[in-house]
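J.: Could you work out the structure for the sequence below:
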Amino acid sequence: MADLAPPLLTFDGSCPDCGERTAVLPLPLPGVEDDFDWQTRDYDSFRLFMMQELASRFRERRRWTAADMEVVIVELLAAALDRASHALDRVQAERFLDSARRPESVRRLLALIGWQPDAGLMADLRAAETARGGSRPDGVLLEDHWRRVPSAMELARAEGPRRIGEQRRMVTLDDHATVLASHPLVALARARLVWTGAWHSILIAVLLEDDIDLDGALHEAGEPTEAGVPNRIRRALWDEVTAFHRSLGLPLPPVDGQLCGRSILRPLIEQYRMIGTEVFLEGARAASVIVTLSVRAKPGYFRSELRQALAQVFTADQGGFFEPGRLGFGVPLYASDVIEAAMQVEGVAVACLNLFRRVGRGFEDQSADGVITVDPDEFIRCMNDRARPDRGTIRITVNGGEAA
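T.: Got it, this is the predicted structure:
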């Protein structure tokens with residue numbers, strides 16, 4: 001503004017007090033020509049553009065050779081710009097999960113969407129680091145692991161976005177049941193809201209695998225056992241429990257006389273329940289049944305072998321017809337399903353039910369109705385334990401066939 005001419009004040013003569021101030025502004029700056037292709041990214045494109053620029057500025061020159069100093073400088077600049085362009089592309093690629101190559105970039109991008117590395121893997125890496133006498137952070141250990149095992153980083157890159165849709169926070173009643181049912185120790189889970197007189201609490205009914213009692217001791221001191229493994233639970237099931245807790249970073253209670261299903265499930269509840277929400281566990285209500293099944297064996301089949309085969313079908317063990325939890329809460333037991341399962345056994349000609357009812361004096365035989373109904377918070381149980389007839393029994397009678 002200091003270089004501008006001073007404004008000019010003029011009067012039109014009709015009024016000595018009315019004037020107009022005018023100022024002469026400078027002309028606008030001429031536009032800068034820009035014929036550079038900003039999508040140019042490689043050596044050949046940079047070299048071609050600069051050679052064209054030389055040819056346009058020095059029109060009188062008709063011949064350019066590789067030995068000319070101008071050409072040498074152009075090629076050096078083109079090579080430098082090519083490296084800079086490649087570096088820019090690499091930096092830009094590190095901003096996105098699908099194109100990032102550096103382990104630290106992948107880890108940070110995954111952390112932005114809430115991904116966490118497997119707790120068991122991190123425990124193994126920390127143990128190996130401690131054995132070597134090091135004390136590097138977990139992030140550095142994970143990045144070094146990915147450099148040694150690139151496939152592990154690619155697996156995390158693929159799993160990270162999928163975990164965004166995983167809902168582990170227990171907000172609704174369905175969330176509570178789903179989270180508890182995801183635990184390997186739980187066969188069935190059902191949540192309900194109860195009024196305690198001052199506020200609402202959430203009560204989750206759980207059925208444990210192998211019909212384990214929720215508060216029953218899983219370890220008996222003094223009995224022979226492997227180190228760190230309770231002696232009243234299947235080893236395969238315990239391995240699944242420990243792997244599940246390691247994957248989520250959940251603590252496991254010590255293996256002693258106080259270990260029970262409730263103490264194992266409590267860390268999962270505390271990890272994912274809403275703050276200020278009371279969550280309690282209760283044992284699921286069982287609807288024990290009594291079933292008397294009569295079958296006729298085909299000629300040529302031994303009755304003893306057929307009875308054994310049917311007992312394996314209707315067992316309460318894992319994979320059996322009466323496995324605890326196979327029939328969910330509120331799911332009735334149909335006579336037709338029992339008959340169909342019996343007829344699938346080779347050698348069975350005819351099958352029928354002589355007794356089909358719930359355990360207890362107040363329940364009648366439902367053979368004619370063909371179905372045993374249960375309440376929404378009950379499940380069908382038939383453990384067939386002669387020492388505990390109250391937990392359900394099944395009696396199989398085989399006629400016909402060959403005596404053996």
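
J.: name the helices or strands packed onto the longest strand seen in the chain?
T.: Ranked by number of residues, the top strand in the chain under DSSP state E is strand 285-302. Applying 3 or more Cβ pairs under 8 Å, 6 or more residues apart in numbering; DSSP states H and E, we find strand 285-302 packed against helix 303-313, helix 335-343, strand 348-358, strand 378-381, strand 393-402. Yep, even glycine has a C-beta here, placed from its N, CA and C like the rest.

J.: Each with direction, which strands does the last one pair with?
T.: Read it as strand 393-402. strand 285-302 (parallel) (DSSP bridges).

J.: Can you check the pLDDT for the residue nearest to Pro299 when sequence neighbours are not counted?
T.: Excluding its sequence neighbours, the residue lying closest to Pro299 (Cβ to Cβ, 6 or more residues apart in numbering) is Gly401, at 6.8 Å. pLDDT for Gly401: 86.

J.: now Gly401: how far from Glu340?
T.: Gly401 is 20 Å from Glu340, where distance means Cβ to Cβ, to the nearest Å.

J.: next structured bit after the host helix or strand of His86?
T.: His86 is part of helix 69-93, with elements assigned from DSSP states H and E. Using DSSP H and E, the helix or strand that follows helix 69-93 in sequence is helix 103-112.

J.: What residues does Arg136 make contact with?
T.: Glu129 (Cβ atoms under 8 Å, 6 or more residues apart in numbering).

J.: For it, give its distance to Met170.
T.: Applying Cβ to Cβ to Arg136 and Met170 gives a distance of 35 Å.

J.: quick one: which of Gly401 and Glu340 has more around it?
T.: Gly401 (22 against 11; other Cβ atoms under 10 Å).

J.: re earlier: I'd like to check the angle between the longest strand of the chain and strand 348-358, please.
T.: For strand 285-302 against strand 348-358, the angle by axes from the mean of the first three to the mean of the last three Cα atoms, to 10 degrees is 160 degrees.

J.: how long is stretch 22-31 from one end to the other?
T.: 27 Å (Cα to Cα, to the nearest Å).

J.: which ones are touching Arg266?
T.: Residues near Arg266 by Cβ under 8 Å, 6+ apart: Leu281.

J.: what about it, helix or strand, and which?
T.: Arg266 belongs to helix 261-272 when assigned by DSSP H and E.

J.: buried residues in that helix?
T.: Neighbour counts over helix 261-272 (16 or more other Cβ atoms under 10 Å) mark 261-262, 264-269, 272 as buried.

J.: Who does the helix or strand following that helix pair with, and is each partner parallel or antiparallel?
T.: On the C-terminal side of helix 261-272, the closest following helix or strand by DSSP H and E is strand 279-283. With DSSP bridges as the test, strand 279-283 is paired with strand 200-208 (parallel).

J.: okay, the angle between the helix or strand following the partner strand and strand 200-208?
T.: Sequence order places helix 235-248 as the next helix or strand after strand 200-208, per DSSP H and E. Here helix 235-248 runs at an angle of 140 degrees relative to strand 200-208 (the same axes, to 10 degrees).

J.: contact partners of helix 235-248?
T.: Taking Cβ under 8 Å, 6+ apart as the rule, helix 235-248 contacts 118-120, 123, 183-185, 209-210, 226, 229-230, 250-252, 264, 267-268, 271.
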